[in-house]
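> quick check, what structure comes out for this input:
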Amino acid sequence: MLHPELTALEGLLLARAGKVREAEEKLRTLILQSNVPTGRILLASLLPPIYQSMDDLHHWRTRLETGLRQLVDEGVRQNLEHSFAVPEFMAQYHGVNDRDLQALRARLYLAPQDDDWCGKRSPAADGRIRVGMVSKYFKEHTIGHLNIGLPAKLPRSDFHVTVLATGPAKDEIGDAFRRHADSYISLPDRVELLPEIRRMIAGLKLDVLYYADLGMEPISYTLAQSRLAPVQCVTWGHPATSGLATMDYFISADGLEPDDSQDQYTEKLVKLKDLAVYYHRPRLDETAAGRDRMGLPMDAHLYGCPQSLYKMHPEFDEVLAAILHADPRGVLVLLEGHYKDWNSWLMERFSRTLGDAVRRVRFVPRQDRQGFMRLSAACDVLLDPLHFGGGNTTYEALALGTPVVTLPSGMLRGRLAFKMYQTMGMTDCVAADKQDYVRLALQLGTRKDHRQAVKQKILETCGVLFENDAGVRQLGEFWKSVVK
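Just a heads-up that it's a prediction; the model follows:
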């Protein structure tokens, strides 16, 4: 039989594909065959990728919270010395504060905690602060594009940077991380090697261990539950608190957080003035938008929402319906789901919530980066989903001057576009409420002169988002303060 964690991971992948019943059967079989708690934890954590209504979402959320609480009350704990903690990140798309949920999930795991690993550290001989960066996604991926600026731009007079890649990265971005880091280590992804990996990281005698994302895959989530450096930080690659007592700081920024947002984090929240991102401005290799090549109508008003379909919160439907009903020439453009069934399930919901306008929903195939940028350029306006908006996609759209309408939420995951506009010093596309969102979208979609004026303003102001190392320098200064 496969290692129990690998079998559990298969169940998780089935659930993400939308095959929740099959996932449940696989996990129940695992529970009968093995006393490893992973099966029970993931069985309680199962969530579908697409919800049919708010009632459906609330049902699954209640099931999740009740299931995890029951396991904690029963004293269930997974020992992580030779096992993965397999995260389930779909709950972060519910649009609610996940602090208690994440802290509850963390209580189900018992990780090695050897104080000798990060006891008193003598300063490095050259006086530099030793920083380790961890992720599986230091490659052609959102996390790669958002984080390449750290090893490239942290001043080497003050910092020694080790990149700890927990997955293969054989592409241009992966090569850039190798080139810019002082040291690059490719960590194995084998569960039986976890003790060796922990010892190796601890042996680096890092001052700061920085997780670019937590909760999207098992290796980094498992490592983060041990204390491997005196200062451990996480940032918004996956924009939710880790829930882990071993994570000291969550690195965010002013504008990404409402004033009272510390209560959304188990970590101490750090709000830098700017995003700790040095983002290289993307370039479109063709000037033609190519609507015809994508099978999109040439004479329609295209409202694009090219996001993962699990970001399509049921509350967003009333906004989409209002836009499409007010603009008979409006077409909603979506990317196909990771699995074909996702399209069908979302359209089943839309058939009830959008009415006749459901006939003006178009799916286009998933795109590489250049294809995505051509799609963004082809759309008249992009719609930032409610509750969990775009990050990397917003950088790419604004680089082209494509307007992105956004309604900032009360949590980081719904405020990235707002923060970018705030940095640019323009609020033309920032809505005050749902009705205002609809108004802004229709103005941009139906009035070409207004759209062109806003596009020109975006192109004139968005330069501050790119090749700007202000946030990286601020993060460096913060690390200096906490290490000293």
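> which residue ranges form the strands in the stretch 251-400 of the chain?
268-272, 301-305, 330-335, 361-364, 381-383 (DSSP state E, counting those that start in this stretch).
> most tightly surrounded among those strands?
Of all the strands of the stretch 251-400 of the chain, strand 381-383 has the most neighbours on average by mean count of other C-beta atoms under 10 Å, namely a mean of 29. C-beta here means a position set from N, CA and C on the backbone, and glycine is covered the same way.
> and it, which strands flank it?
Strands that pair with strand 381-383, judged by DSSP bridges, come out as strand 301-305 (parallel), strand 404-405 (parallel).
> where does the chain have low pLDDT?
For the chain, applying pLDDT under 70 flags the ranges 1-6, 115-121, 287-289.
> quickly find the element holding the residue lying farthest from the centre of it.
No residue in the chain sits farther from the centre than Ala125, which is 37.0 Å out by C-alpha atoms, centre = their mean. Take DSSP states H and E as the rule and Ala125 turns out to sit in neither a helix nor a strand.
> next one: it from His160, what distance?
To His160, Ala125 is 10 Å away according to C-beta to C-beta, to the nearest Å.
> repeat that for Asp189.
Distance, Asp189 to His160, using C-beta to C-beta: 25 Å.
> quick one: contacts for Phe159?
For Phe159, the contacting residues are Arg128, Ile129, Arg130, Val131, Gly476, Trp479, by C-beta atoms under 8 Å, 6 or more residues apart in numbering.
> which ones among those lie within strands?
Counting by DSSP state E, the members of the contacts of Phe159 that fall within strands are Ile129, Arg130, Val131.
> ok, of those, which one's closest to Arg16?
Val131 (32.5 Å; C-beta to C-beta).
> give the next helix or strand downstream of the biggest helix by length in the chain.
Counting by DSSP state H, the longest helix found in the chain is helix 54-73. Next helix or strand after helix 54-73 toward the C-terminus (DSSP H and E): strand 78-79.
> and that next one, what does it pack onto?
When contacts are defined as 3 or more C-beta pairs under 8 Å, 6 or more residues apart in numbering; DSSP states H and E, strand 78-79 sits against strand 109-110.
> go again using 10 Å as the cut-off
Counting contacts by 3 or more C-beta pairs under 10 Å, 6 or more residues apart in numbering; DSSP states H and E, strand 78-79 is packed against helix 4-16, helix 38-45, strand 109-110.
> okay, buried residues for whichever helix or strand comes after it please.
Counting by DSSP H and E, the next helix or strand C-terminal to strand 78-79 is helix 99-106. Under the neighbour-count criterion of 16 or more other C-beta atoms under 10 Å, helix 99-106 has Arg99, Asp100, Leu101, Gln102, Ala103, Leu104, Arg105, Ala106 buried.
> which other helices and strands does helix 99-106 contact?
helix 38-45, helix 54-73.
> now do 8 Å
With 3+ C-beta pairs under 8 Å, 6+ apart as the test, helix 99-106 has helix 54-73 packed against it.
> orientation of the helix it packs on relative to helix 38-45 in degrees?
Helix 54-73 and helix 38-45 are oriented at 150 degrees to each other (axes from the mean of the first three to the mean of the last three C-alpha atoms, to 10 degrees).
> what lies in contact with helix 54-73?
So helix 54-73 is contacted by 37, 40-41, 43-45, 47-48, 51, 91, 94, 96, 101, 104-105, 107-108, 313-315 (C-beta under 8 Å, 6+ apart).
> could I have the buried ones of those residues as ChimeraX selection syntax?
Buried members of the contacts of helix 54-73 can be picked out in ChimeraX with the line below, counting by 16+ other C-beta under 10 Å:
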select :37,40,41,43,44,45,47,48,51,91,94,101,104,105,107,108,313,314
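> which of the ones in strands among the contacts of Phe159 has the largest number of neighbours?
Val131 (28 neighbours; other C-beta atoms under 10 Å).
> beta partners for it?
Val131 forms beta bridges with Val161, Val208, as assigned by DSSP bridges.
> where does it sit relative to Leu459, distance-wise?
Applying C-beta to C-beta to Val131 and Leu459 gives a distance of 35 Å.
> ok, now Ala17?
40 Å.
> neighbour count winner among these two?
Counting neighbours by other C-beta under 10 Å for Ala17 and for Leu459 shows that Ala17 has the greater number, 18 against 14.
> for the more buried one, give me its contacts.
Pro49, His338, Tyr339, Asp341.
> tell me where the stretch 251-400 of the chain has helices.
317-326, 340-353, 369-378, 392-400 (DSSP state H, counting those that start in this stretch).
> before we move on, what about the stretch 101-250 of the chain?
Counting by DSSP H, counting those that start in this stretch, the helices of the stretch 101-250 of the chain are 142-147, 149-153, 172-180, 194-203, 218-223.
> tabulate those (CSV), appending distance to Phe84 and mean neighbour count.
Shown next, in CSV, are the helices of the stretch 101-250 of the chain (distance: least, C-beta to C-beta, whole Å; neighbours: other C-beta atoms under 10 Å):
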stretch, distance to Phe84, mean neighbour count
helix 142-147, 19, 22
helix 149-153, 26, 22
helix 172-180, 23, 16
helix 194-203, 8, 16
helix 218-223, 4, 24
